[in-house]
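1. can't give you the sequence, but here's the structure:
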Ligand SMILES: NC(=O)c1ccc[n+]([C@@H]2O[C@H](COP(=O)([O-])OP(=O)(O)OC[C@H]3O[C@@H](n4cnc5c(N)ncnc54)[C@H](O)[C@@H]3O)[C@@H](O)[C@H]2O)c1
Ligand SMILES: CC(C)[C@H](C(=O)O)[C@@H](O)C(=O)O
Ligand SMILES: [Mg+2]
């Protein structure tokens, strides 16, 4: 079990080390952890946010555990040298096109979300976010017009095959859950979304048991807080999925709880919390490591087929929360390591 560990910037190393402690506590056969530099930390050391040796480590591993990247002090750099390019580069280079972001309410947190408890407790959804295309990876640029105004642009596009493979990921996920798939787009305005919708309808023919619906992203943002229990699996593009998943995190209590898996075809995957490097709380030992610990559980399930071990971790996190051990993000006072200790004790 060769796992690359890329802790990154800000709270990345703090939350990643708790997830590593959890993996080590499980006595996994042949567990080998290989660290690599990413993000601002890698830029400062190697002059690049995703050095070739880091990419090599990722390619030599069966899975990657990723913390977070981002460093506001490096925002002046050219875009290709900024810390965020590490995660974007890994997603692209490793063909990680399917990003699974589950959100459900843990027992004991119903009163702590941004929703009314009776609404919050209905949530159990999965966002399947396309991760290799959209406006993220289209041609982009900045220029000065003749009249001196600056203009920036980012090309939004999807090719049919890119939509088709994420559609299959969405339908397959729905088959393992409530058999409801809501495709979120902006087809009333965007050609990209019209193609997206057409392909979703085409692929639906291969999954007759799954009920496919379509929703515009603005309505989806509203329904996510009004009636989130109506969603089972949501499949959407890169940008919409980024935004909706942060929103979903507050519907279940905190961004410190949402894990994710970024998957290629096959079993390889990169696993990371959906949150960033949180510079405002970095170095204080107060970040919630649960999203990263839950990402490690997703890794055991998807990349190593270790369902029982994944459930053990998820149950230990749930039991920790049920015991009232919470970080500041959930109105509690437990620090990063204390939360890690509590999860370990319950393992
Ligand atoms: N995948 C990634 O590596 C990733 C994801 C998102 C943002 N970023 C980067 O992170 C940097 C900061 O971005 P941002 O502030 O917009 O988003 P963020 O997710 O880092 O933080 C948003 C807010 O949530 C809080 N928060 C986040 N994670 C938390 C945790 N585990 N426990 C408690 N509180 C937590 C932060 O303190 C902050 O107030 C930027 O450079 C951004 O580009 C990276
Ligand atoms: C850091 C950034 C590039 C990234 C994204 O937009 O995908 C982040 O917000 C995420 O959700 O993983
Ligand atoms: Mg995001």
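-> Yep, that arrived. All of these numbers come straight from a predicted model, not from anything done at the bench. Ligands and ions are numbered 1, 2, ... in the order given.

2. Can you give the distance of stretch 318-334 from its chain's centre?
-> Its chain's C-alpha centre and that of stretch 318-334 lie 21 Å apart, by Cα atoms, centre = their mean, to the nearest Å.

3. which other residues reach it?
-> Contacts of stretch 318-334 with the rest of the structure, by Cβ atoms under 8 Å, 6 or more residues apart in numbering, involve 106-109, 112, 253-256, 281, 286-288, 290, 335-336, 338-339, 342-343, 346. The C-beta positions use only the backbone N, C-alpha and C, and glycine is treated the same way.

4. what comes up buried for that stretch?
-> Neighbour-count burial for stretch 318-334, counted by 16 or more other Cβ atoms under 10 Å, picks out 318-321, 325-330, 332, 334.

5. between those residues, which is nearest ligand 1?
-> Looking at the buried residues of stretch 318-334 and their distance to ligand 1, the nearest is residue 329, at 3.7 Å (Cβ to the nearest ligand atom).

6. Pick out the residue of the stretch 101-250 of the chain closest to ligand 2.
-> The shortest separation between the stretch 101-250 of the chain and ligand 2 is 4.3 Å, found at residue 242 (distances taken as Cβ to the nearest ligand atom).

7. Which residues of the stretch 101-250 of the chain lie near ligand 2?
-> Taking Cβ under 6 Å from any ligand atom, the part of the stretch 101-250 of the chain that reaches ligand 2 is made up of residue 242.

8. so after the helix or strand of the chain with the lowest mean pLDDT, what's the next helix or strand?
-> Among the helices and strands of the chain, helix 117-120 carries the lowest confidence by mean pLDDT, DSSP states H and E, at a mean of 94. Per DSSP states H and E, the first helix or strand lying C-terminal to helix 117-120 is strand 124-130.

9. continuing past that following strand, what's the next helix or strand?
-> Proceeding N to C from strand 124-130, the next assigned helix or strand is strand 140-144, under DSSP H and E.

10. Only the buried residues of the least confident helix or strand of the chain, if you could.
-> Along helix 117-120, the positions that meet the burial threshold by neighbour count (16+ other Cβ under 10 Å) are 119-120.

11. who touches it?
-> Helix 117-120 is touched from outside by 105, 109-111, 113, 225-229, 251-253, with contacts defined as Cβ under 8 Å, 6+ apart.
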